[in-house]
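> pasted the sequence and its predicted model underneath.
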Amino acid sequence: MHRRGFFLGALLWPLAGRAAPRPYRLGPGSTVAFTYRLSGIASGGQIPIRDADLRLDFATLGNSRVTVTMDATRARTTLPLADTAMKGPSVLDTARFPTITYASTAMRRTETGAEVLGDLRVRDVTAPVALTARFFRKPDRAPQDLAELVIELTGGLSRAAFGATGFADLVDDRIDLRILAEITRQG
């Protein structure tokens with residue numbers, strides 16, 4: 001991320017007078033990147049985002065709400081042979097559960113951005129997952145301009161917590177997530 005983008009956290013404090021969630025649109029081609037260890041070797045992949053409802057209130061972050069639906073049927077790894085196994089019945093089971101959904105339940109400001117708490121639904125299991133968020137304005141924007149932003153979300157989860165236990169002898173339980181997306185305020 002370019003430091004010229006000026007970290008938005010410092011910009012958010014003076015906005016207390018405008019407390020109301022505003023809708024934002026996710027930029028095209030936004031995906032969720034994930035990393036995992038296969039036989040001890042780091043590997044990764046992506047899951048495309050099908051739909052997102054983003055309502056952000058930078059003055060009172062706790063008023064913000066985010067719901068993101070990912071298309072598990074189009075998930076891909078860097079190892080094409082692993083794609084079939086990942087989508088199969090012992091991992092994502094995309095034939096029965098074609099989407100993965102994350103819905104925020106709370107957001108709070110931190111020194112470097114925000115903590116986003118939410119419920120992640122994978123397969124038929126819903127469990128809490130915390131993500132760390134950092135917001136950046138575009139380099140050519142005025143310091144108070146929140147119309148177009150770049151957001152980075154990071155976190156991790158246990159496959160086993162969602163019943164995605166297939167190939168445990170080959171694939172570690174921990175999956176790390178990184179979402180980098182452009183968002184544009186609507187209206």
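Happy to help now that I have it. Since we're looking at a predicted model, the values are computed, not measured. Numbers count the residues shown, from 1 in each chain.

> please make it C-alpha for all contacts and neighbour counts, starting now.
Will do.

> by contact count, what packs against the helix of greatest length in the chain?
Assignment by DSSP state H gives helix 80-87 as the longest helix of the chain. Helix 80-87 sits against no helix or strand, with contacts defined as 3 or more CA pairs under 8 Å, 6 or more residues apart in numbering; DSSP states H and E.

> in that helix, what counts as buried?
Across helix 80-87, burial judged by 16 or more other CA atoms under 10 Å covers 83, 86, 87.

> tell me the contacts of the first one?
The neighbours of residue 83, taking CA atoms under 8 Å, 6 or more residues apart in numbering as the test, are 75, 76, 77.

> just give me the neighbour total for the residue lying closest to residue 21 once chain neighbours are set aside.
Among residues not flanking residue 21 along the chain, residue 57 sits closest, at 4.1 Å (CA to CA, 6 or more residues apart in numbering). The number of residues packed around residue 57, counting by other CA atoms under 10 Å, is 20.

> next one: residue 181
Counted with other CA under 10 Å, residues neighbouring residue 181 total 18.

> element containing residue 176?
Under the criterion of DSSP states H and E, residue 176 resides in strand 174-185.

> ditto for residue 103
If you go by DSSP H and E, residue 103 is part of strand 99-110.

> how distant is the helix or strand immediately after that strand in the chain from the center of its chain?
Moving toward the C-terminus from strand 99-110, the next helix or strand (DSSP H and E) is strand 113-122. Chain-centre distance of strand 113-122: 8 Å, with CA atoms, centre = their mean, to the nearest Å.

> not counting strand 113-122 itself, show me its contacts.
With contact meaning CA under 8 Å, 6+ apart, strand 113-122 is reached by 8-9, 92, 97, 99-109, 126-135, 162.

> likewise for stretch 127-142?
The contact list for stretch 127-142, computed with CA under 8 Å, 6+ apart, reads 4-9, 112-121, 143, 145-146, 148-157, 161-162.

> what mean pLDDT does stretch 85-93 get?
The pLDDT scores in stretch 85-93 average 97.

> put the alpha carbons of that stretch into CSV.
C-alpha atoms of stretch 85-93 as CSV (Å, rounded to 0.1, in the frame of the first residue of the first chain):
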residue,chain,number,x,y,z
ALA,A,85,-10.5,-31.0,-3.4
MET,A,86,-11.1,-27.6,-1.9
LYS,A,87,-14.6,-27.4,-3.4
GLY,A,88,-15.4,-31.0,-2.6
PRO,A,89,-17.6,-32.4,0.2
SER,A,90,-14.9,-32.6,2.9
VAL,A,91,-13.8,-29.0,2.6
LEU,A,92,-16.1,-26.2,1.2
ASP,A,93,-18.8,-28.6,-0.2
